[in-house]
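A.B. asks: Quick one, fold the following:
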Amino acid sequence: MKINKLNKLSLATILALGACGAATASDRVIIQVDNVNKGLITALAKQSGGEIKVDADGFIAAQFPGKSLDEIKGVLKNPHIQLVEEDLVRKPMALFNDDAGNPMQQQITPYAVYQSQANQLQFQSGAGIKVCVIDSGLDQSNSDFEWGSITGDNDAGTGNWYQAGGPHGTHVAGTIGAADNGYGVVGMAPGVPMHIIKVFNAEGWGYSSDLAYAAQKCRTAGANIISMSLGGGGANTTESNAFKSFTDAGGLVLAAAGNDGNNVRSYPAGYPSVMMIGANDANNNIADFSQYPSCTLQGKTDETICVEATAGGVDTLSTYPAGEATNASLTANGAAFASSSMENTGSASAATFFMGTAESTNSGAAGKICMIDRGVISFHDKVKNCQNSGGVGAVIINNTAGMLYGTLGDASTNTTSIPAVGAAYEDRSALLAATTATVHIGASDYGLMSGTSMATPAVAGVAALVWSNNPGCTGSQIRSALKATAQDAGAAGKDVYFGYGIVKAAAAHQYLQTNGCAGSGGGTGTAISLSLKAVKSKGSNYVDLSWGNATTSNVDIYRNSVKVMTTANDGAHRDGPLARGSYSYKVCDAGSTTKCSSATNISL
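C.D. replies: A predicted model of the protein is given here:
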């Protein structure tokens, strides 16, 4: 888990983010001209130092290195030119975004809800689905829950389950089931009954025995799903048996893959009975911190000991104990825009002034809200130059798709005091066109965190949502449906980073409605059997593949996660010749990335 509180990232990361990336170049222009005179104007542009980039019907685009827009207009004075305007940069938009606005004043839907299709399915409160959250407690100070359907237990020495030991458990619970009540945030399965077990002591950790005992308490409380945003090194038989018992009884257990960005296997996520969850961002990219252990252990391949699926876990907005987070709001010309807060609390409302990248002071900013492009210098120095110019607030706009999250430094290094917020690149044009703006940063009951700790409750909530609409299924069948319908991401087919891909609630529901709880074997990786045999023929190395249970007329064969061929589904194929080394094979129904064998390894 990584805490942002709507403004926190690691200082090293933020300093790097603040200094990288140049502002949008203004030395490239579009010149509108009649086609009859285009040749003349093209020659004029070249003579004036321009490089022609586009020659189109009715206009040309040219770049004049080092010249400002006004300077370019000055050298292009010709009656045949109809208009000279900046050739603006266009970049890919973020695929998913949180709703704009302040969760203290209105209800916000986090981006991961849209990404996972949870907004396309309604939670069925009468289906009897309950999620058990094993974490640091759920603080009763946050009202964005249906508290009448929430119960809990304490482990020895942890204190009351309804008094959180830090924000982690409250944030996790909100992602699963924050209420759909018109304010705050909305969870994946809004209002789902939850049982909270507080296992972390005052120092923020617990034992494997605590988790084993908690699993028993979850079952006693009638929970169907266990969500654990926690982990550690080493396997433990007692702990493993506890979660296997819960799964064997029809339940579903999920745990976080870990946040160290390496291939180390964390437990309890690494047990076969537990579904391991990785984290992706709002652009369907894997999070750089998400762990990716191999599916092979002690020479045996098992897809249930590695990442099986992912969900949004980067800059996740959710519930906090009351007042323990900071929240930003931004309006421009009266319209609300998404924003992120930096350290300085306060409010400012004034006319706007564009400072470019704010590399120096500018008296034009006096008494105004500074609109600032990201790039060249640090966020702190930008805000400092705005403040030293007399500015009363600052908006720093990202220079790449998505929201800008930044910091001005800690108490010892931050010498600014005006409220400053980050804004998304997608909103740049509207923000720069605005004549007035209001920025506010204050205490909030809602904040951001990043981690596989945030992705795990997202999948737990999706599972509860899908299960409530298909109550006759078992936990293992819900697990299979989520994998069978996950959006493939990363390398084609199942890979160690995404597993089967990003979970999709509506797709999983439709899959179960079409195929029944037993499904069609997709997603479990066990429907197609595969065996390998090393063969040497005429001095060359080959691999003989033998498979069964494929259902299409052809099959796709993957070697080292890359599809190498489509061949007849006759149960056998010889691959090679091959160089000496280690290879991983998988056989899938033709055109499918989920109805596949388990990845099987062989050395030549």
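
A.B. asks: Grab the nearest non-local neighbour of residue 434.
C.D. replies: Leaving out its chain neighbours, the residue that sits closest to residue 434 by Cβ to Cβ, 6 or more residues apart in numbering is residue 332, at 3.6 Å. The way it works is simple: take the backbone N, C-alpha and C, and place the C-beta from them, glycine included.

A.B. asks: So the one you found sits against residue 431, correct?
C.D. replies: Yes: because the distance of 5.4 Å satisfies Cβ atoms under 8 Å, residue 332 is recorded as touching residue 431.

A.B. asks: where do the contact lists of these two overlap?
C.D. replies: Common neighbours of residue 332 and residue 431 (criterion: Cβ atoms under 8 Å, 6 or more residues apart in numbering): 352, 437.

A.B. asks: coming back round to it: residue contacts, the residue nearest to residue 434?
C.D. replies: Residue 332 neighbours (Cβ under 8 Å, 6+ apart): 352, 430, 431, 434, 436, 437, 438.

A.B. asks: give me that answer again for 10 Å
C.D. replies: By Cβ atoms under 10 Å, 6 or more residues apart in numbering, the contact set of residue 332 is 352, 369, 371, 395, 423, 427, 430-439.

A.B. asks: now do residue 225
C.D. replies: 129-133, 176, 189, 192, 194, 218, 246, 251-254, 275, 459-461, 463-464, 467, 475, 478 are the contacts of residue 225 under Cβ under 10 Å, 6+ apart.

A.B. asks: Next, give phi and psi for it.
C.D. replies: phi -130, psi 140 (degrees, to the nearest 10).

A.B. asks: any idea how far it lies from residue 297?
C.D. replies: 26 Å (Cβ to Cβ, to the nearest Å).

A.B. asks: same question, residue 555
C.D. replies: Applying Cβ to Cβ to residue 555 and residue 297 gives a distance of 27 Å.

A.B. asks: The two: which is more packed in?
C.D. replies: Taking other Cβ atoms under 10 Å, residue 555 and residue 297 do not tie; residue 555 has more neighbours (27 against 14).

A.B. asks: tell me which element the more buried one is part of?
C.D. replies: Assigned by DSSP states H and E, residue 555 belongs to strand 554-559.

A.B. asks: Buried residues, that strand. List them.
C.D. replies: 555, 556, 557, 558, 559 (16 or more other Cβ atoms under 10 Å).

A.B. asks: residues contacting the first one?
C.D. replies: When contacts are counted by Cβ under 10 Å, 6+ apart, residue 555 is found next to 528, 545, 547, 565-571, 573, 587-592, 595-597.

A.B. asks: Please narrow those to those residing in strands.
C.D. replies: 545, 547, 565, 566, 567, 568, 573, 587, 588, 589 (DSSP state E).

A.B. asks: Let me see the contact set for the second one.
C.D. replies: If you count contacts by Cβ under 10 Å, 6+ apart, residue 547 has them with 528-532, 555, 557, 569-573, 585-588, 597, 600.

A.B. asks: Just the buried residues of these.
C.D. replies: Buried among the contacts of residue 547 (16+ other Cβ under 10 Å): 528, 530, 532, 555, 557, 569, 573, 585-588, 597, 600.

A.B. asks: For residue 382, grab phi and psi.
C.D. replies: Here is the backbone geometry of residue 382 (degrees, to the nearest 10): phi -60, psi -50.

A.B. asks: Wait, it touches residue 396, no?
C.D. replies: Yes: Residue 382 lies in contact with residue 396 (Cβ atoms under 10 Å); the separation is 6.1 Å.

A.B. asks: any shared contact partners between these two?
C.D. replies: Residues within reach of residue 382 and of residue 396 at once, by Cβ under 10 Å, 6+ apart, are 18, 355, 357, 358, 370, 372, 373, 374, 375, 406, 420.

A.B. asks: circling back to that earlier point, let me have the ones in strands among the contacts of residue 555 in JSON lines, extended by pLDDT and distance to residue 138.
C.D. replies: Output for these, formatted as JSON lines (pLDDT from 0 to 100; distance: Cβ to Cβ, whole Å):
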{"residue": "545", "pLDDT": "94", "distance to residue 138": "50"}
{"residue": "547", "pLDDT": "90", "distance to residue 138": "48"}
{"residue": "565", "pLDDT": "92", "distance to residue 138": "52"}
{"residue": "566", "pLDDT": "94", "distance to residue 138": "51"}
{"residue": "567", "pLDDT": "93", "distance to residue 138": "53"}
{"residue": "568", "pLDDT": "92", "distance to residue 138": "56"}
{"residue": "573", "pLDDT": "95", "distance to residue 138": "53"}
{"residue": "587", "pLDDT": "91", "distance to residue 138": "45"}
{"residue": "588", "pLDDT": "87", "distance to residue 138": "42"}
{"residue": "589", "pLDDT": "84", "distance to residue 138": "43"}
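
A.B. asks: I figured residue 117 hits residue 508, correct?
C.D. replies: Yes: assessed by Cβ under 10 Å, residue 117 is found in contact with residue 508 at 8.5 Å.

A.B. asks: who has more neighbours, these two?
C.D. replies: residue 508 (30 against 22).

A.B. asks: what's that one in contact with, if anything?
C.D. replies: 116-117, 121, 462-463, 465-467, 469-470, 478, 480-486, 519, 523.

A.B. asks: Who does the nearest residue to residue 183 once chain neighbours are set aside form a beta bridge with?
C.D. replies: Spatial nearest neighbour of residue 183, chain neighbours left out: residue 107 (5.3 Å); criterion: Cβ to Cβ, 6+ apart. Per DSSP bridges, residues listed as beta-bridge partners of residue 107: residue 184.
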